[in-house]
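1. Sequence below, structure please.
(2 chains)
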Amino acid sequence: MSVQPGTSFSERLYAALLWCYPGEFRRRFGPDMRELFRDRHHAERSRADARGIARLWLRVIPDLLSTASRERVSALHEWLTVRTVPEAPQAAAPSSGDSMLETLLYDLRYTGRMLRKSPTFTVVAMLVIALGSGAVTTIFSAASGLLLRPIPGVVQPDRLVDIGRTDPQGGRSNHSPSYPFYTHVRDESRTFKGVAAWTFLQLTVSTGAQGTTTFANLVSANYFSVLGVQPARGRFFTADEDRTPGAHAVIVLSDGFWRRRFGGDPGIVGRSILVNSTPYTVIGVAPPKFSGVFPVVQTDAWVPLMMAGQLGRDRDALTSAGSGWLTLFGRLNDGVSIAQARADLASITTGHLAEEPQDFTAFSGIAMSRLTGFPADASGPIFGFVALLLVISALVLVIASVNVAGMLLARATARRREMAVRIALGASRGRLVRQLLTESIVLFLGGAIGGLLIALWSTRLFGRIQLPAEVPLSADLSPDYRVLAFSLGTALLTGLIFGLAPALQATQGDPSTALRSDTAGSGARRSRIRNGLVVGQMAMSLLLLMSAGLFLRALDRGQRIPIGFDTSHVATAPIDVSTSGYSDARARLFYDALKRRLLTTPGVAAVSFSRWAPLTGSSAGTRIIINGYVPQPNESQRGEIDVNFGIVAPDYFTVLRMQRLRGRAFLPTDDATAPHVAVVNEAFARKYWPGSDPIGRVVQYDSVATTIVGVARDAKYSSLNEPLRPYIYIPIAQDFQASVFLFVRTTGDATALGPIIRDAIRSIDPLLPAPAVVTMDAATSVVLLPQRVAAAVTGVMGVLGLILAVVGLYGVVAYTVSQRTREIGLRMALGADRGNVLRLILRDGMRLVIIGVGIGMLLAFGATRVMASFLFGVSPLDPLVFAVIPLGLGAAALVASYLPARKAAATDPLEALRGS
Amino acid sequence: MTRQTDVDTLLPLKPVELELLLALVDEERHGYALVQQIAERTGGLVRLEPGNLYRVIKRLLADGLVQESSRRTVSDGAERRRYYRLTAHGARVVDADLRRMRALLASAPARSLVRRLGPA
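-> Next up, the predicted model:
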């Protein structure tokens, strides 16, 4: 059954669910049913949007379940009738020689009857499973959306590989390929059908009025053909457009951008639009959903690499072997393995090394991996993080399943008579076990459907969260057929595993004893299983709560790490006037005017600019020579030293309240004609001029003698867990950059600055695109994102697990009390007082809890270690977490067993002895 | 595959079946049109979901009361829709069922009930 592209998720889900129907029915009516569903879906969406679609599903799901099962049954009947025509008429209940299908059919019908007979049990069990299944399905759905889904629109994605340069050992340090390196690899390699190159860049697109800041890719002409993407309209780039720098001003738009910005203009191909104030011809539109090689980044346009110089790249970007700025990927030839391709590239790149600057020889190795939709070096950590969350959510499902297993066990006891009767009447034990397993699998399947609904809702919730990132991000995390299969598969498996013990229990033992007595006879083994379940639940729930506790501690620690500057009351916005055709001289005037205008706004306290924004995950390095400092042999190349640096405007330290310790900050007089100056941080001064005054010292920055005029306090520059590092600030007027971040400090609310900043820009030049303004609080919070996500997810899961475990414990203790009523009555009659009884029951309950917590602690000792890299130095064995969580869990467990214990203590001995 | 079943053995028709056959009396319709027509005539009382609709259609096809029409439309790249029409046999069955209902209405108990409740 093929599904057309561009169909909504609901339609795809419905198409997938049609597999519930028997093949013949599906082949005959499936397409029409989908058509009908589509019509209704359109009608509901246009009338009531999301609520209408929810209503549609609420009507369609029961219809689907009931008609599909009835069709299955009648198809089976037909099939059996055909097969058994010569035989005698069928008996109502199948005897031992019957076909498996018939047995299954019978079991299903019987299951339906049994589950309907005790609706409370059925609903509660399914709800419990739905909670656990919802947790794991949500995380799996997100994982599938991020990691498993192939890059949309791409043909045979498993033959695509990422190609990078590393040191020869294939170690951690890597280096972006240059354009000459790319052409060398493209032309010389024999193991690829094609090798393509690309990079990100930001463009300003306009049609005469105010421009739009657009996230685009500069790509080699074969980019689309290597990926196997076909244009939805017009064409993609030709080899001709890959030859002459600056010759072909052509652009391909994304489907989304074409619809948003150009209203889906059918005449778009051939139209001329302004890109960075230069006319470009639109030659094509990419297919819907195609968003480049990294699908989570919303890419809106593609321009040939040959236009790099025109779009703000260095003039020599296409000729210099010394400037690495590209990302490469290739499509392997049929039958070629990654190892073979790596060997091929390694042999041809050695020939290229001679043309490159000396320090590139350090990167003679080739790194190659499957194209994952993430940067090659990021996909590992992302995968690890998601796997961690998946394991945590799986624990919730296990706890929920254990609860249901406990419920089934209790039911098994109650049904021993029924089983005994059936065995006495000749049913085999295997037959009864199969019947009971069918029941548990149906329960788990029902729960899994509930879990899918939870996942549908929660991933939609995730999708609404907007990250304050520089790059427009959009991820589709909603469940797909993979998630459906995962969820139903998990349900089958858990139903089988957690149904088996109760089923074996229920059918065990001598039917005659079971028939003779009403009470549960040999309870020792049964209660051992039940106790084992509670112990396991306690252990897992402890593990969950421990990880939640650790992530919360890490988040707390992360928020307390001194960052060295003050982000409150500050808003920031990326601005790049060079993409709107400004020369450097005009750009300087513009930034001066913008600063002056903003300072006249009431409440604005300070305004500054910087090439990069701090603590947003990016960092920049440069090489300087420090006069009078003799570098260690391993820290320098030809006397130059790698340092991190920033290029900032006057008042930068004022806006971010970075205290200056000595000397002065940059002044407007530190302009291009003045003597070159710089400010360093404490770590810089300590490292290179230990024990002496850094003011007045000289470094060579960009081969110009630069005098240190001030020392600023140490700060975090790129990420929160970076070590203290030397840092040098250069005044922007002496190394001008047209692409900057604006920083504005206000005495009021920073979120109010958005319109103020945009108005100020518009009043100076109405054609400039309006920038995205975010508060510094929000922008820097991205560095804590993994901890926030992990703390939120494990927190919710931990609480869920705790509730389920405590309810499970309560159930077991209450059940024990009900089984021991007689014994308790006897003890009381013999002189035990209420306190004794209370202690007796509590001791039994708490014994399980203590064993469970003990096992959980042991597990946690081993397991929390894998979280270490997310914890900002909080020890995975953090004493606070390891003390508080077990105590808290113990207290909750005490309450859970106290309630039934109190009831036991209130037993009237006479009643208890007379009863039963 | 159409076998003609005796009119009598098919009576009385289920309400859904009758509604569906009635909707086909004046013209051939496809699935969605049937659902809409039935919902409209019953004032939204009978709303057919896809599974139920095609189960009923399957039954009516098997009994030879409706037939797939040769007419098919291609709507804007979507899949081709199947149209259904009432067979002569189907028309006879509807007719017989309506007669049965009329007789029912004319019976004494029904008449007295209608009188007591007043006209609908």
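2. What residues sit buried inside stretch A:907-916?
-> A:Thr907, A:Pro909, A:Ala912, A:Leu913 (16 or more other Cβ atoms under 10 Å in any protein chain shown). C-beta coordinates here come from the backbone N, C-alpha and C atoms, glycine included.
3. Looking at those residues, which is nearest A:Leu552?
-> When the buried residues of stretch A:907-916 are ranked by distance to A:Leu552 (Cβ to Cβ), A:Thr907 comes first, at 42.5 Å.
4. separation between the residue nearest to A:Glu188 when sequence neighbours are not counted and chain B?
-> Setting aside the residues directly before and after it, A:Glu188 is nearest to A:Ile348 in space (Cβ to Cβ, 6 or more residues apart in numbering or on different chains), at 4.4 Å. Going from A:Ile348 to chain B by Cβ to the nearest Cβ, to the nearest Å gives 47 Å.
5. again with A:Pro180
-> Computed with Cβ to the nearest Cβ, the distance linking A:Pro180 and chain B is 46 Å.
6. So which elements touch the lengthiest helix in chain B?
-> Longest helix in chain B, counting residues (DSSP state H): helix B:88-106. Where contact means 3 or more Cβ pairs under 8 Å, 6 or more residues apart in numbering or on different chains; DSSP states H and E, helix B:88-106 is packed against helix B:7-10, helix B:15-23, helix B:108-117.
7. Give me the angle between the longest one and helix B:88-106.
-> Read that as helix B:108-117. Helix B:108-117 and helix B:88-106 meet at an angle of 70 degrees, taking axes from the mean of the first three to the mean of the last three Cα atoms, to 10 degrees as the criterion.
8. Can you mark which positions in helix B:108-117 are buried?
-> Of the residues in helix B:108-117, none is buried (16+ other Cβ under 10 Å).
9. And for the shortest one?
-> Residues B:Leu10 are the ones in helix B:7-10 that count as buried (16+ other Cβ under 10 Å).
10. Repeat that for stretch A:737-745.
-> Those would be A:Gln737, A:Ala738, A:Val740, A:Phe741, A:Leu742, A:Phe743, A:Val744, A:Arg745, for stretch A:737-745 by 16+ other Cβ under 10 Å.
11. Give me the nearest residue to the second one, chain neighbours excluded.
-> Distance criterion Cβ to Cβ, 6+ apart; nearest residue to A:Ala738, sequence neighbours excluded, is A:Ser578 at 3.8 Å.
12. In contact with the one you found, which residues?
-> A:Asn276, A:Gly312, A:Asp584, A:Ala587, A:Ala738, A:Ser739 (Cβ atoms under 8 Å, 6 or more residues apart in numbering or on different chains).
13. May I see those arranged in JSON lines, with pLDDT and secondary structure as well?
-> Listed next are the contacts of A:Ser578 as JSON lines, based on pLDDT from 0 to 100; DSSP: H, G, I helix; E, B strand; the rest coil:
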{"residue": "A:Asn276", "pLDDT": "80", "secondary structure": "coil"}
{"residue": "A:Gly312", "pLDDT": "71", "secondary structure": "coil"}
{"residue": "A:Asp584", "pLDDT": "90", "secondary structure": "helix"}
{"residue": "A:Ala587", "pLDDT": "93", "secondary structure": "helix"}
{"residue": "A:Ala738", "pLDDT": "87", "secondary structure": "coil"}
{"residue": "A:Ser739", "pLDDT": "86", "secondary structure": "strand"}
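14. Looking at the residues you listed, which one is closest to chain B?
-> Of all the contacts of A:Ser578, chain B sits closest to A:Asn276, with 37.4 Å by Cβ to the nearest Cβ.
15. Can you tell me how far the residue lying closest to that closest one once chain neighbours are set aside is from chain B?
-> Nearest non-adjacent residue to A:Asn276, counting by Cβ to Cβ, 6+ apart: A:Thr579, 4.4 Å away. Distance of A:Thr579 to chain B, given as Cβ to the nearest Cβ: 39 Å.
16. Check A:Ser176 too.
-> Taken as Cβ to the nearest Cβ, the span from A:Ser176 to chain B is 43 Å.
17. who touches that residue in this structure?
-> Counted by Cβ under 8 Å, 6+ apart, A:Ser176 has contacts A:Gly164, A:Arg165, A:Gly324, A:Trp325, A:Leu326, A:Thr327.
18. right, and out of these, which lies closest to chain B?
-> Nearest to chain B among the contacts of A:Ser176, with distances taken as Cβ to the nearest Cβ, is A:Thr327, at 36.1 Å.
19. Next, give phi and psi for that closest one.
-> For A:Thr327, the backbone dihedrals (degrees, to the nearest 10) come out as phi -120, psi 130.
20. pLDDT at it, what is it?
-> With respect to pLDDT, A:Thr327 has a value of 89.
21. For A:Ile730, list the residues it contacts.
-> A:Phe645, A:Gly646, A:Ile647, A:Val648, A:Ala678, A:Tyr701, A:Thr706 are the contacts of A:Ile730 under Cβ under 8 Å, 6+ apart.
22. Following element in sequence after the top helix by length along chain A, please.
-> Determined from DSSP H, the single longest helix within chain A is helix A:23-83. Moving toward the C-terminus from helix A:23-83, the next helix or strand (DSSP states H and E) is helix A:100-117.
23. Figure out how far that following helix is from the centre of its chain.
-> With Cα atoms, centre = their mean, to the nearest Å as the basis, helix A:100-117 stands 40 Å off its chain's centre.
24. in the stretch 101-250 of chain A, which spans are strands?
-> All strands of the stretch 101-250 of chain A, identified by DSSP state E, counting those that start in this stretch, fall at A:160-166, A:174-175, A:192-206, A:212-219, A:233-234, A:250-253.
25. of all those strands, which lies closest to A:Ser291?
-> Of these, nearest to A:Ser291 by Cβ to Cβ is strand A:212-219, at 9.6 Å.
26. How many residues are close by residue 103?
-> Going with chain A. 17 (other Cβ atoms under 10 Å in any protein chain shown).
27. That was the other one, I meant chain B.
-> 10.
28. For it, which residues are in contact?
-> Contacts for B:Ala103 were tallied using Cβ under 8 Å, 6+ apart; there are none.
29. Check A:Ala606 too.
-> So A:Ala606 contacts A:Asp651, A:Thr654, A:Val655, A:Val744, A:Arg745 (Cβ under 8 Å, 6+ apart).
30. Now go through those residues and say which are in helices.
-> Using DSSP H, the contacts of A:Ala606 in helices are A:Thr654, A:Val655.
31. Kindly report the residues of chain B close to chain A.
-> B:30-32, B:35, B:47, B:49-55, B:57-58, B:77-82 (Cβ under 8 Å from any Cβ of the partner chain).
32. Spatially nearest residue to residue 30, not counting backbone neighbours?
-> In the absence of a named chain, chain A is used. With Cβ to Cβ, 6+ apart, the residue lying closest to A:Gly30 is A:Leu18, at 5.1 Å.
33. Chain B is the one I meant
-> Per Cβ to Cβ, 6+ apart, closest to B:His30 is B:Arg81, 4.2 Å.
34. For the one you found, give the beta-bridge partners.
-> B:Thr73 (DSSP bridges).
35. what about it, neighbour count?
-> B:Arg81 has 20 neighbouring residues, counting by other Cβ under 10 Å.
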